[in-house]
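A.B. asks: pasting a predicted model and its sequence here:
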Amino acid sequence: MSDPLITGQRLNALGQPIGLPLADTSPRPVPPRTDMVGRYCSVVPLSPDHADDLYSAFRADHEDHIWTYLPNGPYHDPADFRAWVDQAVTWDDPLMHAILVNGRALGHASYLRITPASASIEVGFITLSPALQRTRAATEFQFLMMQRAFEDLGYRRYEWKCDALNAPSRKAALRLGFTYEGTFRQATHYKGRNRDTAWFSILDGEWPALKQRFVRWLSPDNFDAHGMQKSAL
């Protein structure tokens, strides 16, 4: 009997269950440092030039809610934040990007745990300013990053991980089409506290149907004269 928790089984000559064969096991490309352009936003490689806009946008969160579940921050001094950006732009993994709306950086996100050999990649280090939260751009940037991973680069698995206590992040993952896979207890620690990590994923076979959901949701026809969505994602 097949295990319902395991996808894609067949039997070998010994009668043992094994995974389905893969036509392509070649390593996938590393994400390029190039722009991803949508209707409502652009996702571009992080640059020191984005530091001032990001700092200003993040400081609009006066109570520092956006920093609670991140390993860095909060920042109350522009020089400290600029120093972090100057360091972050040099990283290859995580590969940091700024999210631009009308040319202004309002948030950042990254590809990380980039594993070309197994065709697995994660999205993370997501920090959205109040001006970006709950906007069409906040959904579109996710779509653009997924599209690059699956269509341009051919990755098989796209991951999302968060502190298991971060309810908004867990809710966002489910809304965006990720499947919850489980929680790794005491997976790490940060800011002097424990972190149990919740794991989510989207697989390449799930992407075509999910893409159509994004395309429908992001269409201008899905929003009324007041900018309210007509149909949920």
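C.D. replies: Yes, it's here. Numbers count the residues shown, from 1 in each chain.
A.B. asks: tell me how far residue 169 lies from residue 47.
C.D. replies: 26 Å (C-beta to C-beta, to the nearest Å). To be clear about C-beta, it is placed using only N, CA and C from the backbone, and glycine gets the same treatment.
A.B. asks: please identify the helix or strand for the residue nearest to residue 184 when sequence neighbours are not counted.
C.D. replies: Taking C-beta to C-beta, 6 or more residues apart in numbering, and ignoring the residues beside it in sequence, residue 184 has residue 197 as its nearest neighbour in space, at 4.7 Å. In this structure, residue 197 sits in strand 193-203 according to DSSP states H and E.
A.B. asks: after that strand, next one along is what?
C.D. replies: Toward the C-terminus from strand 193-203 - assigned by DSSP H and E - lies helix 207-218.
A.B. asks: which outside residues touch that following helix?
C.D. replies: 38-40, 136, 139-140, 143, 146-147, 150-151, 177, 202, 222, 229, 231-233 (C-beta atoms under 8 Å, 6 or more residues apart in numbering).
A.B. asks: what of stretch 65-73?
C.D. replies: Contacts of stretch 65-73 (C-beta under 8 Å, 6+ apart): 58, 64, 74, 84, 125, 127-129, 162-163, 165-166, 169, 190-191.
A.B. asks: how about 7 Å then?
C.D. replies: Residues outside stretch 65-73 that contact it (C-beta atoms under 7 Å, 6 or more residues apart in numbering): 58, 74, 84, 127-128, 162-163, 166, 169, 190.
A.B. asks: quick check on the residues you listed: which are buried?
C.D. replies: 58, 74, 127-128, 162-163, 166, 169 (16 or more other C-beta atoms under 10 Å).
A.B. asks: one step back: strands - which of the contacts of helix 207-218 land there?
C.D. replies: Members of the contacts of helix 207-218 lying in strands (criterion: DSSP state E): residue 202.
A.B. asks: which ChimeraX command selects the buried ones in the contacts of helix 207-218?
C.D. replies: Listed next is the ChimeraX selection for buried residues among the contacts of helix 207-218, using 16+ other C-beta under 10 Å:
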select :38,40,136,139,140,143,146,147,150,177,202,222,233
